[in-house]
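Enquirer: With the input below, show me the fold.
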Amino acid sequence: MSSGAPAHLGLCLWLWLGATLGREQVQASGLLRLSVLPEDRLQMKWRESEGSGLGYLVQVKPMAGDSEQEVILTTKTPKATVGGLSPSKGYTLQIFELTGSGRFLLARREFVIEDLKSSSLDRSSQRPLGSGAPEPTPSHMGSPDPEQASEPQVAFTPSQDPPTPGGSEWRETGPQFRCLPPVPADMVFLVDGSWSIGHSHFQQVKDFLASVIAPFEIGPDKVQVGLTQYSGDAQTEWDLNSLSTKEQVLAAVRRLRYKGGNTFTGLALTHVLGQNLQPVAGLRPEAAKVVILVTDGKSQDDVHTAARVLKDLGVNVFAVGEHHAAPLALESHRRVVVEGPAASTELHNLASRTEYLVSVFPIYEGGVGEGLRGLVTTAPLPPPRALTLAAVTPRTIHLTWQPSAGATHYLVRCSPASPKGEEEEREVQVGRPEVLLDGLEPGRDYEVSVQSLRGPEGSEARGIHARTQKAPSPSQLSVTELPGDAVQLAWVAAAPSGVLVYQITWTPLGEGKAHEISVPGNLGTAVLPGLGRHTEYNVTILAYYRDGARSDPVSLRYTPWFDLMVAFSLVEKAYASIRGVAMEPSAFGGTPTFTLFKDAQLTRRVSDVLPAPLPPEHTIVFLLRLLPETPREAFALWQMTAEDFQPLLGVLLDAGRKSLTYFHRDPRAALQEATFDPQEVRKIFFGSFHKVHVAVGRSKVRLYVDCRKVAERPLGEMSSPPAAGFVTLGRLAKARGPRSSSAVFQLQMLQIVCSDTWADEDRCCELPASRDGETCPAFVSACSCSSETPGPPGPQGPPVPAPHRSQLTLTLSSVSTALSTQGARI
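Expert: Now for the predicted structure:
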């Protein structure tokens, strides 16, 4: 890297900093024009303000020396002339507008008569006619001493065209300014975010940063920009390699949030050296290293050591002073007269967190005695207290707090905790200690801060973290199969109102295309067409609200299944036409119980029972109860046979051996069996209702009893089930022929689910012992009343003699037995 490259970059940057600061100074003093008259008299003119009926007060005070030499005069017109000033001495000029409520600063300017005269001569001799604003000229080449961080080292004098150093190019087309250093540059801004800066002035700092960054070409092989904000501690806002375009950097500057706190500039410079100027943060060995410190200069720690280290390491440090003063602090002396015996008084309408020189003089009849002086710093404006989230909705945050003494209004800032894109914080001023923030995004984290304000003064901010509620999602999804390849999806509405539309998507779990429909927000069901009988689907629904909010998606996994109870007419409206079948309704409004007797002979064609071929992975689910009349020999609860009634696939129950056997034929027609007889299987044969899952995979079969896994057995591959043949229920294993006997047992459920994972998802809600109030819906009562109004009492019945003790015991025993039997059938 050329040794002159840092100097070239420094000159280019100094020129642009000078131009930027110059524009700001012209704006600040644009109301005031100074001219030097003969005999070194100073003439001043300013823009007349509206409503200045009481006139103006002009104060000219030496910047150093005896304060008694200051000149104060009043005038009704926006101009004045002051004489007797020293040509070589520096002065501070302040012009106030006089109003009924006090005086307000209009303009402030520091000047030296000789400098004003020189500027006038240069302007007349060097500047061509029609030239614009003065161009900046650097006070010296290279970078300033970083130890002088409290004063910006930039002087403004008129000149002709700006110099163009050999290595750096300064292009200007109208107001456009570009700085193109000959080598890459890594530029880190170190921004003072302490309380002494203030919110309003921090916005000006952000504007200044944007104007400084604008002339440079930002990129990984050009100029990289990083930024750290500091107060009591230093916080890296972004590293050198975090943002790769000028647009991204300027957007990050706009999103920069004011920290607030103490001012430890030395600690911040150490942070820059240890964190920002490192290869992991994007520092390039061949790039020029530049640090631009923007501060008001009031550091609470040692700056010299850290600044010297940076300088010794070849880092170019530029210090820019951010200076402001509250209007009250710039007013001239104010006086309060108290009675002689008084030993104390209160001074009102002072600026908060401001240092005052207070003088107390005794006044006697013969004159003024020697006074006392002291420095006093006023307390800060109290911040809001007890921030409370009164109410939070998906779109709003209602925030309250306890009012602050002396505050006239409050500044509330709200910004996302994790900004996205070009989002910026929102500001609102309120006069009451509460605010309703609306238009927020549902389910998002926000940082909200509140600051007490009194005129131009502001307190420290108090913050609170809030998260908006998520938009309500639909719930209680359920699927009902319809004829053909369609299903009906039902749900409970996401909210009583406000839903514009529901979006429903169903996607095959394997290969396949996702489908999507939208239904109006006032509906609670939708028909989903085109679902394959052998394919599992993930069904998702979400709600879009009228205010633009969107709920989280809610999903369920739909698995096709065959209901063999319907296929064999074992339903309430059809069972009466079948010989050898009886029905008992459930006492709790659940599924009725069907009793199959030995002459039931339930046989159907495969094509009538299974409209589609049985997949190799499936689950046979049944809920049954074996009775005392159930034979001791094995019987096929369910099986598929060939045309000659030779068994091909099924489930056998053997009450004598108390075992369950699953069997099928492999592709070579060999019989494959898996028998289960552990203790958990034996309870199936003890006379109570039990739910059984036989989950058949490609190489194994698993058995579940009452939704608990019992055992697992290896099993060979299953051949394709026959398209022709028969399906039977309850057929005795040794029976042959179409009219053989059946076993006696009770059945509530018999299904084939086209998946081998259903057993792990089922909750056995049909069994009272397995019911969970959170996951299982309540049973629907089997009886109902047409009116909730009770009728009149009936007539008095005949007296009943009290039973003997033995008779009473027998009655209770009978009732207990009946209840036990009834409960077993649930």
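Enquirer: in stretch 292-301, what's buried?
Expert: Neighbour counts over stretch 292-301 (16 or more other C-beta atoms under 10 Å) mark 292-297, 299 as buried. C-beta coordinates here come from the backbone N, C-alpha and C atoms, glycine included.
Enquirer: average pLDDT across that stretch?
Expert: When pLDDT is averaged over stretch 292-301, the result is 79.
Enquirer: how long is that stretch from one end to the other?
Expert: Using C-alpha to C-alpha, to the nearest Å, one end of stretch 292-301 lies 19 Å from the other.
Enquirer: Tell me how far residue 731 lies from residue 741.
Expert: 8 Å (C-beta to C-beta, to the nearest Å).
Enquirer: what does residue 251 give?
Expert: Distance, residue 251 to residue 741, by C-beta to C-beta: 83 Å.
Enquirer: again with residue 93
Expert: Distance from residue 93 to residue 741, by C-beta to C-beta: 121 Å.
Enquirer: okay, the two: which has more neighbours?
Expert: Between residue 93 and residue 741, counting by other C-beta atoms under 10 Å, residue 93 is the more crowded of the two (21 against 17).
Enquirer: From the structure, what's the count of residues near the nearest residue to the more buried one once chain neighbours are set aside?
Expert: Nearest-residue entry for residue 93: residue 109, 4.7 Å, with adjacent residues in sequence omitted and distances by C-beta to C-beta, 6 or more residues apart in numbering. Per other C-beta under 10 Å, the neighbour tally for residue 109 reads 19.
Enquirer: cool, and residue 402?
Expert: Quick note: residue 402 (other C-beta under 10 Å) scores 11 neighbours.
Enquirer: show me what contacts it?
Expert: Each residue near residue 402 by C-beta atoms under 8 Å, 6 or more residues apart in numbering is listed here: 384-386, 433.
Enquirer: and it, what are its bridge partners?
Expert: residue 385 (DSSP bridges).
Enquirer: about what we covered before: and the buried residues of stretch 292-301, which is closest to residue 404?
Expert: Within those, the smallest distance to residue 404 is 24.7 Å, found for residue 296 (C-beta to C-beta).
Enquirer: that older thread, put together TSV for the buried residues of stretch 292-301, with distance to residue 196 on each row.
Expert: TSV is the format used below for these (distance: C-beta to C-beta, whole Å):
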residue	distance to residue 196
292	19
293	15
294	13
295	9
296	5
297	9
299	10
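Enquirer: Which of those fall within strands?
Expert: Among those, the members falling in strands (DSSP state E) are 292-295.
Enquirer: what's the neighbour count on residue 229?
Expert: By other C-beta under 10 Å, neighbour count at residue 229 equals 23.
Enquirer: Please report the distance of it from residue 282.
Expert: On the measure of C-beta to C-beta, residue 229 and residue 282 end up 18 Å apart.
Enquirer: quick revisit: which of the ones in strands among the buried residues of stretch 292-301 sits closest to residue 84?
Expert: residue 295 (37.7 Å).
Enquirer: Give me the pLDDT for the closest residue to the closest one other than its chain neighbours.
Expert: Excluding its sequence neighbours, the residue lying closest to residue 295 (C-beta to C-beta, 6+ apart) is residue 192, at 3.8 Å. If you check residue 192, the pLDDT there is 89.
Enquirer: count of neighbours near residue 192?
Expert: There are 27 residues near residue 192, going by other C-beta under 10 Å.
Enquirer: now it, which residues is it bridged with?
Expert: residue 230.
Enquirer: quick one: contacts for it?
Expert: Per C-beta under 8 Å, 6+ apart, neighbours of residue 192: 205, 229-231, 263, 265, 293-296, 322.
Enquirer: pLDDT wise, what is residue 620 at?
Expert: pLDDT, residue 620: 92.
Enquirer: for residue 272, same thing?
Expert: 91.
Enquirer: How about the contacts made by it?
Expert: Contacts of residue 272 by C-beta under 8 Å, 6+ apart are 188, 190, 228, 234, 291, 310.
Enquirer: my read is it is in a helix, agree?
Expert: Yes - counting by DSSP: H, G, I helix; E, B strand; the rest coil, residue 272 is found in a helix.
Enquirer: Quick check: buried residues in stretch 660-672?
Expert: Using 16+ other C-beta under 10 Å as the test for burial, stretch 660-672 gives 660-665, 672.
Enquirer: Could you pull up the mean pLDDT of it?
Expert: Stretch 660-672 comes out at a mean pLDDT of 90.
Enquirer: Likewise for stretch 46-62?
Expert: Here the average pLDDT along stretch 46-62 is 75.
Enquirer: Go ahead and name everything in contact with it.
Expert: For stretch 46-62, the external contacting residues (C-beta under 8 Å, 6+ apart) are 31-33, 42, 44, 67, 69-80, 82, 85, 89-100, 103, 106-107, 332.
Enquirer: Pull out the buried residues from these.
Expert: Applying a neighbour-count criterion of 16+ other C-beta under 10 Å, the buried members of those are 31-32, 42, 44, 71, 78, 80, 82, 85, 91, 93-98, 103, 106-107.
Enquirer: Return the subset of those lying in helices.
Expert: Among the buried ones among the contacts of stretch 46-62, no member falls in helices (criterion: DSSP state H).
Enquirer: Show the residue spans covered by the helices in the stretch 151-300 of the chain.
Expert: 199-213, 246-255, 265-271 (DSSP state H, counting those that start in this stretch).
Enquirer: Okay, angle between the second one and helix 199-213 too, please.
Expert: This points to helix 246-255. 170 degrees (axes from the mean of the first three to the mean of the last three C-alpha atoms, to 10 degrees).
Enquirer: Give the other helices and strands that helix 246-255 contacts.
Expert: Helices and strands touching helix 246-255, by 3 or more C-beta pairs under 8 Å, 6 or more residues apart in numbering; DSSP states H and E, are helix 199-213, strand 223-230.
Enquirer: How confident was the prediction at the most centrally placed residue in the chain?
Expert: Residue closest to the average C-alpha location in the chain (C-alpha atoms, centre = their mean): residue 444, at 3.2 Å. You'll see residue 444 listed with a pLDDT of 84.
Enquirer: any idea which element residue 680 lies in?
Expert: Using DSSP states H and E, residue 680 falls within helix 679-682.
Enquirer: Can I get that helix as PDB, trimmed to CA atoms?
Expert: Output in PDB follows, covering the C-alpha atoms of helix 679-682 (Å, rounded to 0.1, in the frame of the first residue of the first chain):
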ATOM      1  CA  GLN A 679     -49.400 -61.300  29.900                       C
ATOM      2  CA  GLU A 680     -50.800 -58.100  28.400                       C
ATOM      3  CA  VAL A 681     -52.500 -60.100  25.600                       C
ATOM      4  CA  ARG A 682     -54.200 -62.400  28.100                       C
END
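Enquirer: Quick one: the strands in the stretch 501-650 of the chain, in order.
Expert: Under the criterion DSSP state E, counting those that start in this stretch, the stretch 501-650 of the chain contains strands at 515-520, 525-528, 537-545, 554-558, 561-563, 581-584, 593-596, 602-605, 618-626, 634-641, 647-654.
Enquirer: quick one: the third one to strand 554-558, angle?
Expert: Note on geometry: by the same axes, to 10 degrees, strand 537-545 and strand 554-558 are set 160 degrees apart in direction.
Enquirer: Having no further points to raise, I will conclude here.
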